[in-house]
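> can't give you the sequence, but here's the structure:
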């Protein structure tokens, strides 16, 4: 295979750094360069030498601070479109944008299943900024410039941030945890990296909805993490009413215990990318943890 040169925008990002490490398994097939797109200096970087731009720069996670709204649009929407325009102008063949499941809104108490017919409906400016970026770059696509949009659910793995770390800390300390019958889509970082690699090999375009091969129940997830750390955590019923009340005041409660899944068949790809299942991925994540999050 002809060696692919890949430019990753967003220096030090979790996805970008993980992808670089993933491709190190095939040193003869891929060459990666990582740059920051803060400030204006990146405009002087020559994009013409690359086959692919993987744009992972952006503000992640939900903020409720209205003072942040302008910054979200500036970074997540405007910068994405600006980078994509430069990539196209300088002859890059494929542009991959990391969007998010957040374009479909928040999780809910009732089971919320997203399929190909589900119309995106963001519930905050983080989701709107991602969706507007998608629309802005899709108009740039043509026969010589493929656009790939990835809408991942919660990503986890060694070194990840966000809600996984919060749950892991609880699993390592609490003697019991609420037993809740919810379902969520999640994505192990190696599964995402393998999908990105396959999309680059196949020079594909389109919108993708990656997830693990099984849905995740929050209580089961916490129990798995506890076991990987040599602990047994009791899962106790009877917290539903309390959690319902708290979820109206604390958004994190709804996010952790709510329901939000992709229909399994929309996450399929022509080549298997879900190389690790939930139990194995949690075992790897917890055993490889360098202790920073403990």
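Perfect, I can see it now. Remember, predicted model here, so these are calculated numbers, not experimental data. Numbering: from 1, shown residues only.

> Where do the strands of the stretch 101-250 of the chain begin and end?
113-114, 146-150, 154-156, 176-178, 186-188, 206-208, 234-236 (DSSP state E, counting those that start in this stretch).

> The second one packs against which elements?
Applying 3 or more C-beta pairs under 8 Å, 6 or more residues apart in numbering; DSSP states H and E, one finds that strand 146-150 makes contact with strand 94-98, helix 125-138, helix 189-202, strand 206-208. In short, each C-beta sits where N, CA and C put it, glycine included.

> re earlier: looking at the strands of the stretch 101-250 of the chain, which is closest to residue 70?
Relative to residue 70, the nearest member of those by C-beta to C-beta is strand 146-150, separated by 23.5 Å.

> Between helix 125-138 and the closest one, find me the angle.
Calculated by axes from the mean of the first three to the mean of the last three C-alpha atoms, to 10 degrees, strand 146-150 forms an angle of 160 degrees with helix 125-138.

> Check what contacts strand 146-150 and list those residues.
Applying C-beta atoms under 8 Å, 6 or more residues apart in numbering, the external contacts of strand 146-150 come out as 84, 93-99, 134, 137-138, 140-141, 192, 195-196, 199, 203-208, 210.

> Quick one: buried ones out of the residues you listed?
Burial by neighbour count, judged by 16 or more other C-beta atoms under 10 Å, picks out 84, 93-99, 134, 137, 141, 192, 195-196, 199, 205, 208, 210 from the contacts of strand 146-150.

> Check the gap between residue 232 and residue 176 for me.
10 Å (C-beta to C-beta, to the nearest Å).

> Could you give the bridge partners of residue 177?
residue 235 (DSSP bridges).

> just to revisit the earlier point, export the helices and strands packed on strand 146-150 to JSON lines and append columns for mean pLDDT.
Formatted as JSON lines, the helices and strands packed on strand 146-150 follow (pLDDT from 0 to 100):
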{"stretch": "strand 94-98", "mean pLDDT": "98"}
{"stretch": "helix 125-138", "mean pLDDT": "96"}
{"stretch": "helix 189-202", "mean pLDDT": "98"}
{"stretch": "strand 206-208", "mean pLDDT": "98"}
